[in-house]
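Enquirer: Build me a structure from this.
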Amino acid sequence: MENSKHSLSALELLEAENFSGLECFLQSLHPVELIGTIESVASEHRQSLLKHITGLDDLASIFVYGNQQIIESSLELLDESRLVAVARRLEADNAANMLRLLPRRKQIAVLKRLAPEYQRKLKPLLSYHEEMAGAMMTPLFVSIDKNQTCEEVLGEVRSELQLEAIDPDTDITYLYVTENESLIGVCSLREILSSKGTSKIESVMTTPTISVSPQTDQEVVAQIIADYNFSSIPVCEDENGELIGIITLDDVVDVIEEENTEDILKLAGTEDQDQVGASVWTSIRSRLPWLFASWIGGVSGAMLLGSYTEELEKVVALAFFMPVVFGMGGNIGSQSTTITVRGIATGDLSELHILTRLLKELKASLALGIFFGLLLGITTWFQFGDVKLCIIVSVSIASIMAIAASIGSMMPILFQKLGFDPAVASGPLVTTSTDILSILIYFSIASYLL
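Expert: Down below sits the predicted model:
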């Protein structure tokens, strides 16, 4: 609601060509409100608003809080000098994410103009794929020695904070115990504060530690942090256990949001670029392949339906129940797919539970199919008084619902086994295959009984 008010105020200033007022207004907003305001306006006005964000801190906030579309639009407007200035204001992981979106030549040019120490932080992050833990991590952390006392550690940390030797963006909730740069334990600041000052760190640290390698997929990282309820997790090299960075909860929240958005959009038969603020061309490009697949399925179904004209001519009433019979199959198939994809994403559906899951889905769908089959049979009897027609629609809907649910459950699992994203199996593919099978089942039963 607040973002809508801000966006209306911004658009009024833009339409009145009060550009100085617009710049002052945008500068007065909190970074989160600023991004919300930009996201709320139509895509044709977004670029105009971005042009009038003049503060470097505000520009930097776009690369922390903004979505992919806003970030890409901002990059088009920033020249090399401003990119360098923005990068200097970002944490290393956010700066690496920004640089990763630039053309290679421009990326190198910006890197060269950054301080050598900052370059050394960024280059390892840029070497990892964007969906790996190494690309998410921050190299900012505090390491301590196991032989130090709690009092010594607190004094050292306090002194470094006062001297600003510790970067303001460093998370000090946990301190990492290292030996020859290898991680050997983790100690929370709370634990140190609540322990005796003479206690050795070795006696209060947590060991063994849970860590991830820089090559770990971001979804796995998010799952580990969620499972163990961590606020951060260390990233260590596989070979020697060297601590090279940490991943904090705020980065994981972003990953979870991105992955959930991607899965939801794929369930709808589109791609993660096709969001509210996307251009018309982006929406067309992301939806066309899936809609074309649905179109092929629909045409195939229509041609298949054409081969059963004889049955339809015999009993025209068969056509009356096609929408409900086919619709129930499509609905329960989509439900099963959504539940299965969600189970795979959260890790609740492991290989050990696949058979149990399929049997459960088959039982539930068969029970529901019988229930709705009886309801439809009774409805058919009162309307047409034809026993054969009652049996056809009742058996058909029960069979179709059971088979559709099985397909909806199996297809995501099959896609995962083949190395594809399980969410792709949903929407158009399940619906199309269910529609074709529904036609075959419905008219096969009709042909047999008529």
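Enquirer: Only C-alpha atoms from now on, for both contacts and neighbour counts.
Expert: OK.
Enquirer: in the stretch 301-450 of the chain, which spans are helices?
Expert: Applying DSSP state H, counting those that start in this stretch to the stretch 301-450 of the chain gives helices spanning 309-314, 317-320, 322-346, 354-384, 387-417, 428-449.
Enquirer: most packed of the ones you listed?
Expert: For the helices of the stretch 301-450 of the chain, the largest average neighbour count (mean count of other CA atoms under 10 Å) is found in helix 387-417, namely a mean of 23.
Enquirer: Run through the neighbouring helices and strands of that one.
Expert: helix 322-346, helix 354-384, helix 428-449 (3 or more CA pairs under 8 Å, 6 or more residues apart in numbering; DSSP states H and E).
Enquirer: what about Gly66, neighbour count?
Expert: Other residues near Gly66 number 20, with proximity taken as other CA atoms under 10 Å.
Enquirer: quick check, distance from stretch 28-45 to the centre of its chain.
Expert: In terms of CA atoms, centre = their mean, to the nearest Å, the centre of stretch 28-45 is found 22 Å from the chain centre.
Enquirer: sorry, that was for stretch 228-248
Expert: Taking CA atoms, centre = their mean, one finds stretch 228-248 lying 22 Å from the centre of the chain it belongs to.
Enquirer: just stretch 392-403 next, same as before
Expert: Worked out by CA atoms, centre = their mean, stretch 392-403 lies 36 Å from the chain centre.
Enquirer: Not counting that stretch itself, show me its contacts.
Expert: With CA atoms under 8 Å, 6 or more residues apart in numbering as the test, stretch 392-403 has contacts from 321, 325-326, 328-329, 332-333, 362-363, 365-366, 368-370, 372-374, 376-377, 437-438, 441-442, 445-446, 449.
Enquirer: Output the helices and strands packed on helix 387-417 as CSV; include the columns distance to Leu59 and mean pLDDT.
Expert: Below are the helices and strands packed on helix 387-417 laid out as CSV (distance: least, CA to CA, whole Å; pLDDT from 0 to 100):
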stretch, distance to Leu59, mean pLDDT
helix 322-346, 34, 83
helix 354-384, 48, 87
helix 428-449, 40, 84
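Enquirer: Dump those to JSON lines, plus distance to Glu311.
Expert: Listed next are the helices and strands packed on helix 387-417 as JSON lines, based on distance: least, CA to CA, whole Å:
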{"stretch": "helix 322-346", "distance to Glu311": "13"}
{"stretch": "helix 354-384", "distance to Glu311": "17"}
{"stretch": "helix 428-449", "distance to Glu311": "7"}
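Enquirer: do you know how far Leu125 is from Gly241?
Expert: According to CA to CA, to the nearest Å, Leu125 and Gly241 sit 18 Å apart.
Enquirer: More neighbours: these two, which one.
Expert: Leu125 (27 against 18).
Enquirer: tell me the pLDDT at the more buried one?
Expert: Here the pLDDT value assigned to Leu125 is 88.
Enquirer: my read: it touches Met132, true?
Expert: No: the pair Leu125 / Met132 is not scored as a contact, 9.7 Å apart, by CA atoms under 8 Å.
Enquirer: what residue ranges in the stretch 1-150 of the chain score low on pLDDT?
Expert: Where the stretch 1-150 of the chain drops to pLDDT under 70, the residues are 1-3.
Enquirer: Would you map the strands across it?
Expert: Under the criterion DSSP state E, counting those that start in this stretch, strands of the stretch 1-150 of the chain are mapped to 143-144.
Enquirer: Tell me which stretches of it form helices.
Expert: Taking DSSP H, counting those that start in this stretch as the criterion, the stretch 1-150 of the chain carries its helices at 2-15, 19-28, 31-40, 43-51, 56-65, 68-77, 80-88, 92-100, 104-112, 116-126, 133-136, 150-162.
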